[in-house]
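K.L.:
Curious how this folds, go ahead:
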Amino acid sequence: MRRNAVRLFLAGLVALAAVLTGLGAPAQAAVPDSPAVTYTNPIAEKRADPHIYKHTDGYYYFTATVPEYDRIVLRRATTIQGLSTAQEVTIWTKHSSGVMGAHIWAPEIHFIDGKWYVYFAAGSTSDVWAIRMYVLEGSGANPLTAAWTEKGQIKTAWESFSLDSTTFVVNGVRYLAWAQRNPSEDNNTSLFIAKLANPWTIQGTPAEISQPTLSWETVGFKVNEGPALIQHGGKVFLTYSASATDANYCLGMLTASATADLTDPAAWTKGSQPVFKTNASTSQYGPGHNSFTVSEDGKSDILVYHDRSYKDITGDPLNDPNRRTRVQKVYWKADGTPDFGIPVADGVTPQRFSSYNYADRFIRHWEYRARIEANVSPLADSQFRVVTGLAGTGTVSLESANFPGYYLRHKNFEVWLEKTDGTSTFASDASFYRRAGLADSAGISYESYNYAGRYIRHYDYLLYVQTPSTATDKGDATFYAQ
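P.N.:
Model prediction:
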């Protein structure tokens, strides 16, 4: 008995030492449920307040505010990227006089009970700031060719500035959320929610669920607007836009249980910090007025938003036409909350790379050293753009999402994140051949361009370029794109 106990104790020590030194062979990680998807930004120039809806017919439908503020347009394509070049159709034009005659803003398209609906805001020719919410109804399979009927104004508790209506179903109940000026408050707009009796009629008394009180919600203007809802893991997350529509524009977020009565203000918890904001390093300014859609394979949630590529604006930001529609993948933290990261640089969107044998660990940079780690914060430390290799065609380089111009490169066979110096040595050290995963062909392995047979692999959680020989080595050199 004593000998068996000693053997078990020694075996445990050996196993522990193997894990600590990277010599063990952890169980293989499953192929991720949400594989990588990439897009090239921007999706559309001069299109603000974007809304992309994926329908059951296999098409994505896209609408947005046009800078002339005079019409509602639609595009459709079978891919998100395809919306960039899809034909755009004007489905409705502002009235020549009276209500719905000015400031046509923030359209959204939805399919409800067999019909198409477009929600939008509009002013009047007699008062362009008398902004109210309106609904169009369309019949037929294709909304680009549908006959549209005006269902009129969405009536709320007050006749006051109101806009940015959005609709969604949670736990079998259809809601409307929007932004409106509460006459009893000293701000521009707060957020409201109500149940719907039909797509254009509120049921019951609207509930106010957020007002701009935090410092980042009140820069330039005191604003909560542009609500958008996403559901995940039994919770609902309502993002919204705050502050003026310049570089200070940003996203905040409210959280509630999917089983709650969402018209109860107590059901909502408000985050104390913005969840998405300007990032000068990627040249993205004033990200906001978002919506959500899903990837073509249905396995990834996609954030849709607008921003500008520059900070300084001459005059009123509302007169600057250059807000662009952009998209990027939403990631989910271990606690079930969304992580939007940063607005990524123009061009191809980045990916994350999880370890084949440590499913919760991702390649990331930390003080410029490359390693694998779980629960990475900030998210962008673990995001890399796969671009044409600095050494030329046939290779790829991995560019940091939050440090554009910095690449993973090997130095003394250690992998570091460094800024390119333009030399051929750096280009060679930062270029790799993308191979099928050495431990799983569904994964990826990266072979060094200038040291054939050496691959990026982790050892003691740090990254090196080494020659894998054992099954463990090959597992350490295999990653999944997410």
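
K.L.:
can you pull the pLDDT of His232?
P.N.:
With respect to pLDDT, His232 scores 97.

K.L.:
Just give the number of residues close to it.
P.N.:
Neighbour count of His232, defined by other C-beta atoms under 10 Å: 14. No exception for glycine: its C-beta is placed from N, CA and C like everyone else's.

K.L.:
Pairing-wise in the sheet, spell out the partners of it.
P.N.:
Following DSSP bridges, His232 is listed with bridge partners Lys235.

K.L.:
from memory it sits against Pro338, does it?
P.N.:
Yes. Contact criterion C-beta atoms under 8 Å: His232 and Pro338 qualify, at 6.9 Å.

K.L.:
so what sits against both of these two?
P.N.:
Shared contacts of His232 and Pro338 (C-beta atoms under 8 Å, 6 or more residues apart in numbering): Asp301, Trp332.

K.L.:
Spatially central residue for this protein, please.
P.N.:
By C-alpha atoms, centre = their mean, the chain has its centre lying nearest to Leu303, at 2.9 Å.

K.L.:
so what's that one bridging to?
P.N.:
Note on Leu303: beta-bridge partners by DSSP bridges are Phe292, Gln328.

K.L.:
Can you tell me how far it is from His289?
P.N.:
Distance, Leu303 to His289, using C-beta to C-beta, to the nearest Å: 12 Å.

K.L.:
next one: Glu208
P.N.:
Counting by C-beta to C-beta, the separation of Glu208 from His289 is 20 Å.

K.L.:
Looking at these two, which one has more neighbours?
P.N.:
With neighbours defined as other C-beta under 10 Å, Glu208 and His289 compare such that His289 has more, 29 against 15.

K.L.:
Tell me the secondary structure at that one.
P.N.:
His289 falls in the strand class when you classify it by DSSP: H, G, I helix; E, B strand; the rest coil.

K.L.:
wouldn't it be in contact with Glu108 here?
P.N.:
No. With contacts defined as C-beta under 8 Å, His289 does not count as touching Glu108, sitting 10.7 Å away.

K.L.:
Okay, helices next: where are they in the protein?
P.N.:
2-21, 424-429, 471-476 (DSSP state H).

K.L.:
burial measure for Asp186, as a count.
P.N.:
The burial count for Asp186: 7, using other C-beta under 10 Å.

K.L.:
so what's Ala48 up against?
P.N.:
Ala64, Thr65, Pro67, His289, His306, Arg323, Thr325.

K.L.:
pLDDT weak spots in this structure?
P.N.:
Applying pLDDT under 70 to the chain picks out residues 1-29.

K.L.:
report the longest strand in it, please.
P.N.:
Using DSSP state E to define each element, the chain has its longest strand at strand 99-112.

K.L.:
what's that one packed up against?
P.N.:
With contacts taken as 3 or more C-beta pairs under 8 Å, 6 or more residues apart in numbering; DSSP states H and E, strand 99-112 sits against strand 48-54, strand 60-65, strand 71-77, strand 115-124, strand 162-170.

K.L.:
what comes up buried for the longest one?
P.N.:
Taking 16 or more other C-beta atoms under 10 Å as the basis for neighbour counts, the residues of strand 115-124 that come out buried are Trp116, Tyr117, Val118, Tyr119, Phe120, Ala121, Ala122, Gly123, Ser124.

K.L.:
what do you get for the last one?
P.N.:
Counting neighbours by 16+ other C-beta under 10 Å, one finds that the buried residues in strand 162-170 are Ser162, Leu163, Asp164, Ser165, Thr166, Thr167, Phe168, Val170.

K.L.:
Verify the contact between the fifth one and Ala177 for me.
P.N.:
Put plainly, it is Thr166. Yes. Using C-beta under 8 Å, Thr166 is in contact with Ala177, at 5.4 Å.

K.L.:
Endpoint to endpoint, stretch 315-322 covers what distance?
P.N.:
The separation between the terminal residues of stretch 315-322, taken as C-alpha to C-alpha, to the nearest Å, is 13 Å.

K.L.:
Show me which residues of that stretch are buried.
P.N.:
By neighbour count on 16+ other C-beta under 10 Å, the buried set for stretch 315-322 is Pro317, Leu318, Asp320.

K.L.:
same question, stretch 129-136
P.N.:
Buried residues in stretch 129-136, counted by 16+ other C-beta under 10 Å: Ala130, Ile131, Arg132, Met133, Tyr134, Val135, Leu136.

K.L.:
partner residues bridging the fifth one?
P.N.:
Spelled out, that is Tyr134. Using DSSP bridges, the bridge partners assigned to Tyr134 are Phe120, Gln153.

K.L.:
mind listing what it touches?
P.N.:
So Tyr134 contacts Met100, Tyr119, Phe120, Ala121, Ala122, Glu150, Lys151, Gly152, Gln153, Ile154 (C-beta under 8 Å, 6+ apart).

K.L.:
State the distance from it to His306.
P.N.:
21 Å.

K.L.:
how many neighbours does the residue nearest to Pro321 when sequence neighbours are not counted have?
P.N.:
Spatial nearest neighbour of Pro321, chain neighbours left out: Pro67 (3.4 Å); criterion: C-beta to C-beta, 6 or more residues apart in numbering. Around Pro67 there are 15 other residues, counting by other C-beta under 10 Å.

K.L.:
Also Gly443?
P.N.:
Residues near Gly443, counting by other C-beta under 10 Å: 24.

K.L.:
okay but it is in contact with Gly475, surely?
P.N.:
No. The pair Gly443 / Gly475 is not scored as a contact, 9.4 Å apart, by C-beta under 8 Å.
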